[in-house]
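Participant: Let's see this in three dimensions:
(one chain, ligands or ions: 1)
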Amino acid sequence: MIERQQVIVIGLGVFGATIATELTRLGHDVLGIDISDQKVDRLAEQITHAVIADVTDAATLEELNAGDYDMAVVAIGRNVEATILATMQLRELGVEKVWAKALTNQHHNILTKLGATRVIGPEFEMGMRVAQELNYLMVNNYISLGNDEFVVEVIVSERLSGTTIGELTESAEISILVVKRDRDISKDPGSSYPLRTGDQLVMSGALSELRKLANHIL
Ligand code: ADP
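Facilitator: Modelled structure (predicted):
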């Protein structure tokens, strides 16, 4: 099991609150800080400790013994000045891992210079992930069946041309339901059926298996 870590999360908006509650749930010791009493009250029961404080006040982090923590997440976002001051102070107090949320590239560069060990651009990172996942699956169309099961339609790429249905189903636990080639529709094609560029494949399986397949064929 991963060792219990002492973590500070500054800023308890959607991003920070999610990090703080999830880390608490995973068994870590989390101190959440926010300037807003509403945000702190809402989370008080769900994280190890929650305090109302303004981190632009120079004494705040020192008084909270921030230097004793293993890592900190600065999730303030829009308040750039507070993000900068908190990141700087946490490093000065000796916190080894300081992750900070940035909204722009310039903000990203400043935080890196100030010693943030990782700068997170949530919107950018999520956008990249979604694009990569979509690209991976080469999905033309999909239906969610619930429980992470999907029916997806993909177009066979040039790279996949010549591969048989059997080779695909060996690499992941999926079922190929239909192959559409021009106007022909082959239902339940046999394992020796060879694929051609441009074929439309309709298959079903769990998302994890579909990902496995995508990794195999890319
Ligand atoms: P998101 O919801 O996208 O995570 P927000 O900008 O709503 O982002 O959240 C930032 C949080 O940081 C807010 O809850 C805000 O009250 C808090 N915050 C802003 N300035 C300070 C500060 N100086 N000290 C402590 N918390 C702050």
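Participant: how is this protein carved up into domains?
Facilitator: Residue ranges for each domain of the chain read 6-121, 133-217, as given by automatic domain parsing.
Participant: Which one of those domains lies nearest to the ligand?
Facilitator: Closest approach to the ligand among those is made by domain 6-121 (2.3 Å; C-beta to the nearest ligand atom). Every residue, glycine included, has its C-beta placed from N, CA and C.
Participant: how deep is the residue nearest to M88 when sequence neighbours are not counted tucked in, by neighbour count?
Facilitator: In space, and not counting its chain neighbours, M88 is closest to L114: 5.1 Å by C-beta to C-beta, 6 or more residues apart in numbering. L114: 20 surrounding residues under other C-beta atoms under 10 Å.
Participant: What's the separation between L114 and I120?
Facilitator: With distances taken as C-beta to C-beta, to the nearest Å, L114 is found 15 Å from I120.
Participant: quick one, which of the domains of the chain is packed in tightest?
Facilitator: For the domains of the chain, the stretch with the most neighbours on average is domain 6-121, a mean of 18; neighbours defined as mean count of other C-beta atoms under 10 Å.
Participant: And that domain, end to end?
Facilitator: One end of domain 6-121 to the other measures 23 Å (C-alpha to C-alpha, to the nearest Å).
Participant: Check whether that domain comes into contact with the ligand.
Facilitator: Yes: Domain 6-121 lies in contact with the ligand when judged by C-beta under 6 Å from any ligand atom; the contacting residues are 10-16, 33-36, 39, 54-56, 75-79, 82.
Participant: now that domain: mean pLDDT?
Facilitator: This predicted structure assigns domain 6-121 an average pLDDT of 95.
Participant: same deal with stretch 177-192?
Facilitator: Confidence for stretch 177-192, expressed as mean pLDDT, is 91.
Participant: Provide the contact partners of that stretch at residue level.
Facilitator: Contacts with stretch 177-192, where a contact means C-beta atoms under 8 Å, 6 or more residues apart in numbering, come from 151, 164-166, 169, 176, 193, 195-196, 198-204.
Participant: and it, how far from the chain's centre?
Facilitator: Taking the mean C-alpha point of stretch 177-192 and that of its whole chain, the gap between them comes to 36 Å (C-alpha atoms, centre = their mean, to the nearest Å).
Participant: ditto for stretch 19-30
Facilitator: Here the centre of stretch 19-30 is set off from its chain's centre by 16 Å, with C-alpha atoms, centre = their mean.
Participant: beta partners of R181?
Facilitator: According to DSSP bridges, the residues that bridge with R181 are D184.
Participant: tell me which element E170 is part of?
Facilitator: helix 165-171 (DSSP states H and E).
Participant: which secondary structure elements does that helix contact?
Facilitator: With contacts defined as 3 or more C-beta pairs under 8 Å, 6 or more residues apart in numbering; DSSP states H and E, the secondary structure elements packing on helix 165-171 are strand 174-181, helix 207-217.
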